[in-house]
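Undergrad: Here is my input, please return the structure:
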Amino acid sequence: MTNDLTPPSGTIVVFSDIWCSFAHVAVHRLHAARRALGLVDEVAFDHRAFPLELLNHAPSPRSGTDSEVGGIASLEPDAGWQMWRSPDWLYPSTTLPALEAVQAAKEQGLRASEGLDLALRRAFWAESRCIANRAVILEAAATADGVDPDHIAAALDDGRARRTLSEQARVSATDRVNCSPHLFLPDGSDHANPGIDVGWAGDYGTGWPVVASDDPDVYRDLLRRAVS
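TA: The predicted structure is shown next:
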């Protein structure tokens, strides 16, 4: 169930939004730590939506995400980053269709959902693609391991994952989920923006993030705890 935040052994629940730079770092680190520890077959990521535009009652501005690239990309350059390079009118005004597609991919398994989530993050952050666009979502699906793009197309057409997305948004609006990313482990613990202590200079959209400390090794501990 969407409101069950303690997953079974071998699963980590990840609440996030795709256009959150800290979530881009977190998801990259989760995948990298899982590979490094040899836990690819033992741990799965259950992605759930923390839709910033619904919680903030407005889309995320390009100025905000551009400023985050300058301040956050150096933490994990291999995750894939660039300042927005497509025309301004192609900057996505919503991530809801992409978040919905990630939930729809779960009908093909958590691995498929993981793959589509990762492909959409790279499309936005590394390729400046409009992930609000149906065609872009389906092109990302075609590149993701274990994902049938025709299934995603059908799910977007009939809206089968929309209720799940709405339920996750309601949970995100409670005090149980604090931010994007927020991880929940089988041992009942939860970890908001793991390893990163960050503040903000100025207002969002005109200022920039200031990272006080960063410990990427916490992800190895989180992966081990997911199977212990």
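
Undergrad: ok, R85 touching S128?
TA: Yes - the pair R85 / S128 is scored as a contact, 4.4 Å apart, by C-beta atoms under 8 Å. No exception for glycine: its C-beta is placed from N, CA and C like everyone else's.

Undergrad: of the two, who's got more company?
TA: S128 (15 against 9; other C-beta atoms under 10 Å).

Undergrad: So D17 versus T95, what's the distance?
TA: Distance, D17 to T95, by C-beta to C-beta, to the nearest Å: 6 Å.

Undergrad: any residues in contact with both of these two?
TA: Common contact partners of D17 and T95 (C-beta atoms under 8 Å, 6 or more residues apart in numbering): P51, L52.

Undergrad: Could you give the bridge partners of the residue nearest to G207 when sequence neighbours are not counted?
TA: Excluding its sequence neighbours, the residue lying closest to G207 (C-beta to C-beta, 6 or more residues apart in numbering) is A201, at 4.7 Å. When assigned by DSSP bridges, A201 has beta-bridge partners W208.

Undergrad: now I196
TA: D214.

Undergrad: Please verify my assumption that it contacts L75.
TA: Yes - with contact defined as C-beta under 8 Å, I196 counts as touching L75 (7.5 Å).

Undergrad: okay, and the common contacts of these two?
TA: Shared contacts of I196 and L75, counting by C-beta under 8 Å, 6+ apart, come down to V25, V211, D214.

Undergrad: pLDDT score for the last one?
TA: If I follow you right, that is D214. Listed pLDDT for D214 reads 96.

Undergrad: what residues are up against it?
TA: Neighbouring residues of D214 by C-beta under 8 Å, 6+ apart: L75, G195, I196, D197.

Undergrad: In contact with E139: list those residues for me.
TA: E139 neighbours (C-beta under 8 Å, 6+ apart): A123.

Undergrad: That one should be in a helix, yeah?
TA: Yes - assigned with DSSP: H, G, I helix; E, B strand; the rest coil, E139 falls within a helix.

Undergrad: Distance-wise, check it relative to Y91.
TA: From E139 over to Y91 (counting by C-beta to C-beta), the distance is 17 Å.

Undergrad: what are the ranges of the helices in this protein?
TA: Using DSSP state H, the helices of the chain run over residues 21-36, 52-55, 62-72, 96-104, 110-125, 134-143, 149-158, 162-172, 218-227.

Undergrad: what's next to the first one, contact-wise?
TA: Contacts of helix 21-36 with the rest of the structure, by C-beta under 8 Å, 6+ apart, involve 12, 14, 16-17, 40, 43, 45, 50, 65, 68-69, 72-73, 75-76, 78-79, 81, 114, 117-118, 121, 125, 179-181, 183, 193-196, 198, 209, 216, 219-220, 222-223.

Undergrad: Report the buried residues of that helix.
TA: For helix 21-36, the neighbour count (16 or more other C-beta atoms under 10 Å) marks 21-34 as buried.

Undergrad: what angle do it and helix 62-72 make?
TA: Put simply, helix 21-36 runs at 40 degrees to helix 62-72, going by axes from the mean of the first three to the mean of the last three C-alpha atoms, to 10 degrees.

Undergrad: Having no further points to raise, I will conclude here.
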